[in-house]
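K.L.:
pasting a predicted model and its sequence here:
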Amino acid sequence: MAAKAPMGALSECLESCSTSQSSACKLEPSNSLFGQRVSIHRICSRRRRPFRPQTELLVARKVTTALQEVDTIHRPRYNARPLISPAGRTENDNEVLIELKDVHKSFGNKKILQGVNIKIRRGETVGIIGGSGTGKSTTLRLMAGLLAPDAGEVQILGQARKGLLADDPELAERLKVGMVFQNGALFDSLTVGENVGFLLYEHTSLPHDRIEAIVAESLSAVGLSGVERLLPSELSGGMRKRVALARAIVRDDVVMYDEPTAGLDPVASTVVEDLIRSMHASPTSNGAGPRSGITSYIVVTHQHSTIRRAVDRIIFLHEGKVVWEGPVEEFDSTDEPIVRQFASGSLTGPIKYE
Ligand SMILES: Nc1ncnc2c1ncn2[C@@H]1O[C@H](COP(=O)(O)OP(=O)(O)OP(=O)(O)O)[C@@H](O)[C@H]1O
């Protein structure tokens, strides 16, 4: 991990970025906070509009969330070889894309994951469910490479990842994994169009009109044509989530959704669930996604509608382990007591709440 730059350097960077758009930033580019700061400055410069130093990226919590998302991202997938052939068949149907092997993870004295084994295959749509605090988001972050396991192994395309995704750029390049956070993690100082095209502005030399066309295509795919110039603060919660989806489809192969429908009303939830489904280029759907880019996705959710509408396979976590996994259709018929209690919402059973 890059060492954090001292706070004095931050003020200096902000000063230089806000007073002169052409000034070169002296900060360590490997430092993600400053890297991000400079990135936004650069995007504003490229877009020839004023950079606003009061950006909410300065709010620490938001910076962390936003950077976690961006840290999973290295290069856009444009011009990359599509994973799904036009005929809808992959070269390696059933290939394991991500595997957790006997993964353990603790925070302080708290043991969260205690020997988790999960395989995500090409083409799969998987839901991770379980009680509150059982480690679902932690599992997602381990798979996305935002966390490293204490013990056990995370394999990407059969190869052990070294630590975080950012520590293993070669693997990150082979399989592009992105994350859509519950709050969308949008940059409030950038327009919707700049948010969606963030990685293309930042990591490619694609001409502006090409990026704008890609952004328009992605926004149209999530039913949000024409909102490019709005700021995220001008959107509803459901629209913000859809913008986050539009950003994910710009370049990722595998997308992790952390509670994508939390806080949405039932109709807005259905819209997002169906969008998640429609973004997926499943091997049998004849490459149905808008770009046929997202080959697999994983959703952490508490919502029954999301489980039933957006995924095909469920993994149930309880007390740090996978206690049940199977197709959605078997969720209602399994006699696994933990799943039964969860599905019925009963207070009696193996799941205990403090
Ligand atoms: N970075 C962290 N530092 C310390 N504790 C953490 C950290 N991340 C998660 N935890 C703790 O680990 C436990 C599991 O968290 P996690 O968010 O993975 O659970 P979850 O199953 O997704 O929960 P929920 O359904 O409530 O969102 C929680 O007790 C949480 O407080």
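P.N.:
Ah, there it is.

K.L.:
please count neighbours and contacts with C-alpha atoms only from this point.
P.N.:
OK.

K.L.:
distance check, the residue in the stretch 151-300 of the chain that the ligand sits nearest to against residue 234.
P.N.:
Nearest residue of the stretch 151-300 of the chain to the ligand, counting by C-alpha to the nearest ligand atom: residue 300, 7.4 Å away. From residue 300 across to residue 234, the span is 27 Å (C-alpha to C-alpha, to the nearest Å).

K.L.:
who has more neighbours out of those two?
P.N.:
residue 300 (25 against 13; other C-alpha atoms under 10 Å).

K.L.:
show me what contacts the residue of the stretch 151-300 of the chain closest to the ligand?
P.N.:
The neighbours of residue 300, taking C-alpha atoms under 8 Å, 6 or more residues apart in numbering as the test, are 127, 128, 129, 136, 137, 140, 256, 257, 258, 259, 260.

K.L.:
quickly list what it is bridged to.
P.N.:
Beta bridges link residue 300 to residue 128, residue 258 when assigned by DSSP bridges.

K.L.:
pLDDT score for it?
P.N.:
Note on residue 300: pLDDT of 93.

K.L.:
repeat for residue 281
P.N.:
56.

K.L.:
please begin residue numbering at 381 from this point
P.N.:
That works, and once the first residue is 381, the last one we named lands at residue 661.

K.L.:
quick one: name the residues of this structure near the ligand.
P.N.:
Within the chain, the positions near the ligand by C-alpha under 6 Å from any ligand atom are 487, 492, 511, 512, 513, 514, 515, 516, 517, 518.

K.L.:
apply 8 Å and report the result again.
P.N.:
Residues of the chain lying close to the ligand by C-alpha under 8 Å from any ligand atom are 486-488, 490, 492, 509-520, 639, 680-682.

K.L.:
list the contacts for residue 728?
P.N.:
Counting by C-alpha under 8 Å, 6+ apart, residue 728 has contacts residue 721.

K.L.:
contacts for whatever helix or strand residue 619 lives in, please.
P.N.:
Using DSSP states H and E, residue 619 falls within helix 617-629. With contact meaning C-alpha under 8 Å, 6+ apart, helix 617-629 is reached by 558-560, 562-566, 572, 575-577, 595, 598-599, 601-602, 604, 612, 635, 640, 644, 648-649, 652, 656, 659, 671, 673-674.

K.L.:
try 6 Å this time
P.N.:
564, 576, 598, 599, 602 (C-alpha atoms under 6 Å, 6 or more residues apart in numbering).

K.L.:
nearest spatial neighbour of the third one, chain-adjacent residues omitted?
P.N.:
Spelled out, that is residue 598. residue 626 (5.1 Å; C-alpha to C-alpha, 6 or more residues apart in numbering).

K.L.:
so what's the residue count around the one you found?
P.N.:
29.

K.L.:
one more: the one 10 residues further on?
P.N.:
Each residue near residue 636 was counted by other C-alpha under 10 Å, and the total is 25.

K.L.:
for it, give me its contacts.
P.N.:
Contacts of residue 636 (C-alpha under 6 Å, 6+ apart): 559, 677, 678, 679.

K.L.:
per-residue confidence for the residue nearest to residue 598?
P.N.:
83.

K.L.:
any idea how far it is from residue 578?
P.N.:
Residue 626 is 11 Å from residue 578, where distance means C-alpha to C-alpha.

K.L.:
which stretches of the protein have low pLDDT?
P.N.:
381-473, 563-564, 583, 631, 660-673, 734 (pLDDT under 70).

K.L.:
now the helices: where do they sit in it?
P.N.:
387-399, 412-426, 440-451, 516-524, 549-554, 572-576, 578-583, 588-601, 617-629, 646-659, 684-690, 708-711, 717-724 (DSSP state H).

K.L.:
the closest residue to residue 689 other than its chain neighbours: neighbouring residues, count only.
P.N.:
Excluding the flanking residues, the one nearest residue 689 by C-alpha to C-alpha, 6+ apart is residue 653, at 6.3 Å. By the measure other C-alpha under 10 Å, the count of residues near residue 653 is 20.

K.L.:
was I right to think residue 653 contacts residue 691?
P.N.:
No - with contact defined as C-alpha atoms under 6 Å, residue 653 and residue 691 do not form a contacting pair (9.0 Å).
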